[in-house]
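> Sequence first, then the predicted structure, then my questions.
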Amino acid sequence: MTGYVYIITNQRNGTLYIGVTSDIARRIWEHREGLNDGFAAKYGCRTLVWYEEHDRIETAIQCEKSLKRWYRKWKIQLIESMNPDWRDLYPELW
């Protein structure tokens, strides 16, 4: 099963949320619609700014755990290497 690691935010250089899913379009839609309680909803994280696809969900989970231990500066550099303008990448999933 394919897996995705993703980062959503509430604004450029704002609060970052790192998650993992097997269906990125559905999961980001859930965040955007505020369907789940938790950290992302509490801080208004709804904008997809970075994601990465993995062949196996287990690999994606491992990557997510690793990214959560990174310094914030490294996470911002990762986002900006793929998305320097912090555009919302959600429309590109379709």
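Yes, it's here. Numbering: from 1, shown residues only.

> partners of the residue nearest to Leu89 when sequence neighbours are not counted in the sheet?
Spatial nearest neighbour of Leu89, chain neighbours left out: Leu48 (4.5 Å); criterion: C-beta to C-beta, 6 or more residues apart in numbering. Where C-beta positions appear, they are placed from N, C-alpha and C, glycine not excepted. Beta-bridge pairing for Leu48 (DSSP bridges): Ile8.

> Would you map the helices across the chain?
For the chain, applying DSSP state H gives helices covering 24-33, 39-42, 57-68, 72-82.

> follow-up on the earlier one: and the pLDDT at the residue nearest to Leu89?
The model reports Leu48 with a pLDDT of 98.

> surely it meets Arg87?
No. Using C-beta atoms under 8 Å, Leu48 is not in contact with Arg87; the gap is 9.2 Å.

> Between these two, which is the more surrounded one?
Shown here are Leu48 and Arg87; by other C-beta atoms under 10 Å, Leu48 has more neighbours (24 against 13).

> how close does the more buried one get to Glu58?
Distance, Leu48 to Glu58, using C-beta to C-beta, to the nearest Å: 22 Å.

> what's around Glu52, how many residues?
The local packing of Glu52 (other C-beta under 10 Å) involves 17 other residues.

> Now do the same contact list for the residue nearest to it when sequence neighbours are not counted.
Computed as C-beta to C-beta, 6+ apart, the closest residue to Glu52 that is not its neighbour in sequence is Val5, at 5.1 Å. Val5 sits next to Ile18, Gly19, Val20, Tyr51, Glu52, His54, Ala60, Cys63, Glu64, Leu67 when contact means C-beta atoms under 8 Å, 6 or more residues apart in numbering.
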